[in-house]
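A.B. asks: Fold the following and give me the result.
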Amino acid sequence: MNATLINDQHTQDERLRDLILEIDELPSIPETLIEILKVLDDPDSGPADLGAVIRLDAPLMARILRLANSPYYSRRGDITDINRCVTVLGYRTVRQVAICVSVATSVISALEKSSGQMDYRELWRHSVVTGAISKHLAQIAGYPDPEEAFTAGLLHDMGKFVLELHAPDLYHRVIADRRTSRVSLVEAEEAVFGYNHAMIGQAFGQAWRFPRILTRCFGEHHTPVLGGQAVDKTDHAVALVALADYLANTLEPSRSDLGFDPRFCMVAELHQIAGLAVDAVENDLERIRESVTLASAYLDLS
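C.D. replies: Next up, the predicted model:
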């Protein structure tokens, strides 16, 4: 990459980071999430450390326990303690649930107080569906951490939530005008804002110090590397989320316009880089729909 392109990318990254800092309505990273991410970064930490952090945030712990007792994770209904939760569900699952719940409740709370026009609850429904499909695809594709794929899918459209907070009226017009244009939503966003929701979602994730694998899924779910198999775990995660996003929009069509247009999806290529045959996914649609139904526990995090 030449020096000019590197400098241009650096300038764009700085502009996106500055924008994130300037959005007054955007909540600051929750203190509990900061501590959770510290636990994840510490190679010597473990379930007890995670439990200690979560226990200090009573509302977060209550939401995690409610989800843990939902059919999506367990049919026991008797998980009343966070340590028991970790024992039954596993450390990986609980840490990903903690990230999802803390981010989602912060952002949705900010949107509830805003005056935007987007149907953000429908966008959240799409996010939940995408997360559930991402996890299911990860399981059948042999991805090593399906819960991580769920988190990436659930939070993949954070950039749309941020744009709704930043410029609700203008963003509403961008989505509406896109319907009569010949361009994708990301192209329409770039024409108006100078960046698209994927780019700003990645900047958001970096500002909140998310793991790199999540920020790449936020930033690249519309532009996975096509033309072959994923070369590493992160590429595979991006591909799974991109395919799940497409399936979420076609299996569970949105009840309001969120900017999806199947003309801009290369379906065969998405399956290829995700390491999944088209027929295999189509033959598994009933189980995918069951996963989506079970994940509905995430729809209400209040």
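A.B. asks: was I right about Asp169 contacting Gln117?
C.D. replies: Yes: in this structure, Asp169 is within contact of Gln117 by C-beta atoms under 8 Å, at 6.8 Å. All C-beta spots, glycine's among them, are computed from the backbone N, C-alpha and C.
A.B. asks: So if I had to pick from those two, which one is more boxed in?
C.D. replies: Ranked by neighbour count (other C-beta atoms under 10 Å), Asp169 and Gln117 place Gln117 first, with 14 against 10.
A.B. asks: excluding its backbone neighbours, what's nearest that one?
C.D. replies: His172 (4.2 Å; C-beta to C-beta, 6 or more residues apart in numbering).
A.B. asks: same for the strand or helix carrying the one you found, what does it pack against?
C.D. replies: Element membership for His172, per DSSP states H and E: helix 168-178. Taking 3 or more C-beta pairs under 8 Å, 6 or more residues apart in numbering; DSSP states H and E as contact, the helices and strands that helix 168-178 lies on are helix 185-193.
A.B. asks: now for the helix it packs on, which elements pack on it?
C.D. replies: helix 168-178, helix 197-207.
A.B. asks: re earlier: I'd like to know how many residues surround the residue nearest to Gln117.
C.D. replies: His172, neighbours per other C-beta under 10 Å, totals 15.
A.B. asks: doesn't Gly116 make contact with it?
C.D. replies: Yes: under the criterion of C-beta under 8 Å, His172 makes contact with Gly116 at 7.5 Å.
A.B. asks: could you point out where the chain is predicted with low confidence?
C.D. replies: Within the chain, the ranges that satisfy pLDDT under 70 run 1-13, 21-26, 225-231, 302.
A.B. asks: I'd like to know how far the residue nearest to Gln117 sits from Gly219.
C.D. replies: Applying C-beta to C-beta, to the nearest Å, the value for His172 to Gly219 is 23 Å.
A.B. asks: Okay, domains of this protein per the record?
C.D. replies: 26-113, 114-302 (automatic domain parsing).
A.B. asks: show me what contacts Cys100?
C.D. replies: Residues near Cys100 by C-beta atoms under 8 Å, 6 or more residues apart in numbering: Gly131, Phe150, Thr151, Leu154, Leu155, Tyr298.
A.B. asks: Helices - which of the residues you listed land there?
C.D. replies: Gly131, Phe150, Thr151, Leu154 (DSSP state H).
A.B. asks: since we're on the first one, how many residues are nearby?
C.D. replies: By the other C-beta under 10 Å criterion, the neighbourhood of Gly131 contains 28 residues.
A.B. asks: Could you give the number of residues near the nearest residue to it once chain neighbours are set aside?
C.D. replies: Residue nearest to Gly131 in three dimensions, not counting chain neighbours: Leu154, with 3.2 Å by C-beta to C-beta, 6+ apart. By other C-beta under 10 Å, the residues close to Leu154 number 28.
A.B. asks: Any figure for the gap between Leu154 and Thr105?
C.D. replies: Applying C-beta to C-beta to Leu154 and Thr105 gives a distance of 12 Å.
A.B. asks: Report the separation between the nearest residue to Ser184 once chain neighbours are set aside and Ser70.
C.D. replies: Nearest residue to Ser184, sequence neighbours excluded (C-beta to C-beta, 6+ apart): Phe264, at 4.3 Å. For Phe264, the distance to Ser70 equals 35 Å [C-beta to C-beta].
A.B. asks: any idea which helix or strand carries Leu243?
C.D. replies: helix 233-251.
A.B. asks: How far does that helix sit from its chain's centre?
C.D. replies: Relative to the centre of its chain, helix 233-251 is centred 11 Å away, using C-alpha atoms, centre = their mean, to the nearest Å.
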